[in-house]
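*Asks:* Need coordinates for the below:
(chains A and B)
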Amino acid sequence: MTAAGASNSYTIPVGPLHVALEEPMYFHFDIEGETVREVDIRAGHVHRGVEYLTTKRSIYQNVVLTERICSLCSNSHPEAFVMGCEQIAGLEIPERAAYLRVVAAEIKRVASHLFNLGILAHLTGYDTLFMHAMQVREIMQDVKETLFGNRMDIGAMCIGGVRFDLDAEMTAYLLAALDKLAPEVAALADMFRRNHTILRRSRGVGVLTKDQAIACATVGPVARACGLEYDVRVDAPYASYDRLKVDVPTLTDGDVWSRAMIRMSEIGVSIQLLRDCLRDLPVGPTRLPGRPDIPAGRAMGKCEAPRGELVYFLKTNGADEPERVKWRVPSFPNWDALRFMLRGSKIADIAIIVNSIDPCVSCTER
Amino acid sequence: MTRLPEDIHAQLAAAASGGIDYSSTTLHNAVTAWCELGNSSDLLSVGETLLRLGARLAMVSALQPPAPEEEEEEEEPDDGAEAESAKPKKEPPKTFGGTPLDGTSYEIDYHFVLGGDFLTVVAYVPSGGSICSLTPFFRSADWPEREIMENYSIVILNHPDPRRLFLDPSIDTAALERLIPYSTLVNAASTKALWDKVLAAKGGAS
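*Replies:* This next block holds a predicted model:
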């Protein structure tokens, strides 16, 4: 035990399975004592070549394909993709569709954030809170199943609008679900703010400074927890976000707890957005008639997925299949930030820190 | 929130000695701008300018634009307003900077975000060509450039960590340039081919 430093340093592999989530990512840690000195991230375990596949499928098939890249932000992928198509074709979606897109996106966001918060509780060993968070999330899962007929891939988007509509009965059901959800989320937030176990495992752990966040080009709750006020819904409003009031919560500590609390606050913002949408929902068609032609062109689509800014690049040449579709998911730059967060942390905190960027491996590797 | 400055066109033109082809569209108050480089070696100086403006490198896309179809030769759409238009017929069309668009050249798009605005810097690399890494200015170029190196045979110079990103080192390079039909992959491209193999293994007996 008292030998020179060399015998005290060693390398440990972590993963590829079971680092926080059941998705594979392989880490190599240089450890000194119990402290992480350096980390190397090795990716590629679920690389499926979806990017190549998009150029072999028609543009309309790609609306379906992109939804299957990831489950938790499944709605955001087709959303950004159809935004690119609509830019190229010069389409303006109907007003009602613009509001319904917000409804679909915010429902997915609430469910996604609650899942991440639940896993944080699980990793601190507080499994009762984990089950409680998942039970609260079940309200939103039921909402998705009732509104869209599916619990994860909701198939809401299409080029020129949305594929679902809300009648009076569904609206009343959604409002009732939100009324049930709001106090539950408030209680959860209170728990995360006061509970000793949660605070001790997450405050001051995995700190990312604002400068590091900028250097790594981080987005989403990871960036907002470091004081970077950037949200696509506000900075480049799409759908009907320019007519809605979107609060962008930010914190400055950049630790695991701040990232969790940003997500917690965003659930509140989403609930308010859903209520505002249902209040203002205009009447009219939910999509453009017919199947629009997509001419040759190039476009950038961008939306705020639950994990942050999702970017789509689309290039078409008038053929049925796109010439190139490329996307960058919010997790992609956030992995790099993980290196700063993990340096100097304890081995026991690795899983909690990895989970705090809400990593999505299937999104990252495509 | 900072956005693209008014004089972005002039600033980019000043940074790129090889000239630029700049265009932009505004939709819902957000600008989407495209800046095609005349010379891909201007990438670093343009990158430095954008870093100074506080831009964030959001994504890097690479593609191999296919050769345009052989039909309307008489028109020669020349939106770049460049020379080299009256060439002999067989010559493939060229980009603004003179890279031939014959299906072998590469297009690399560097998508920058400034506030809610997009600026895409487009660089063309001819087959067998190379381009400098943007990592000296943008840390977030690291992974995308590693991905490009394994998907295409583009050489990226001075990359600090040119290992494979997603693909195993045992897989041949330029994965996106090779189409291997699934039937070939699983050895079922032709029933006869499979049968011949079975026959050969049995020593030619029927």
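*Asks:* Find the residue closest to A:Val39 in space, skipping its chain neighbours.
*Replies:* What sits nearest to A:Val39 in space, not counting adjacent residues and going by Cβ to Cβ, 6 or more residues apart in numbering or on different chains, is A:Leu342, at 4.8 Å. C-betas here are computed from N, CA, C, even on glycine.
*Asks:* For that neighbour, give me its contacts.
*Replies:* If you count contacts by Cβ atoms under 8 Å, 6 or more residues apart in numbering or on different chains, A:Leu342 has them with A:Phe29, A:Val36, A:Val39, A:Gly206, A:Ile350, A:Ile353, A:Val354.
*Asks:* Out of those residues, which sit inside helices?
*Replies:* A:Ile350, A:Ile353, A:Val354 (DSSP state H).
*Asks:* Can you check the pLDDT for the residue nearest to the second one when sequence neighbours are not counted?
*Replies:* Which is A:Ile353. Distances taken as Cβ to Cβ, 6+ apart place A:Gly206 nearest to A:Ile353, at 3.6 Å, with adjacent residues excluded. We note a pLDDT of 88 for A:Gly206 in this prediction.
*Asks:* Looking at the residue of chain A found nearest chain B now. What's its pLDDT?
*Replies:* Per Cβ to the nearest Cβ, the residue of chain A with the smallest distance to chain B is A:Ala236, at 3.0 Å. The model reports A:Ala236 with a pLDDT of 87.
*Asks:* That one contacts B:Thr32, correct?
*Replies:* No: using Cβ atoms under 8 Å, A:Ala236 makes no contact with B:Thr32, being 9.5 Å away.
*Asks:* what about the two, which has more around it?
*Replies:* Remark: of A:Ala236 and B:Thr32, A:Ala236 carries more neighbours, 27 against 22, as counted by other Cβ atoms under 10 Å in any protein chain shown.
*Asks:* For A:Arg48, see how far away the more buried one is.
*Replies:* When Cβ to Cβ, to the nearest Å is applied, the distance between A:Ala236 and A:Arg48 equals 29 Å.
*Asks:* cool, A:Glu34 as well?
*Replies:* Counting by Cβ to Cβ, the gap from A:Glu34 to A:Arg48 is 37 Å.
*Asks:* for A:Met25, same thing?
*Replies:* Distance of A:Met25 to A:Arg48, computed by Cβ to Cβ: 15 Å.
*Asks:* Tell me which of those two has more neighbours.
*Replies:* Shown here are A:Met25 and A:Arg48; by other Cβ under 10 Å, A:Met25 has more neighbours (24 against 13).
*Asks:* got a pLDDT number for that one?
*Replies:* At A:Met25, the pLDDT recorded in the model is 81.
*Asks:* So A:Val222 versus A:His122, what's the distance?
*Replies:* Separation of A:Val222 from A:His122 (Cβ to Cβ): 20 Å.
*Asks:* Likewise for A:Leu174?
*Replies:* 28 Å.
*Asks:* Equivalent analysis for A:Arg194, please.
*Replies:* Distance of A:Arg194 to A:His122, computed by Cβ to Cβ: 19 Å.
*Asks:* picking up where we left off before, is it true that the residue nearest to A:Ile353 touches A:Ser356?
*Replies:* Yes: assessed by Cβ under 8 Å, A:Gly206 is found in contact with A:Ser356 at 5.7 Å.
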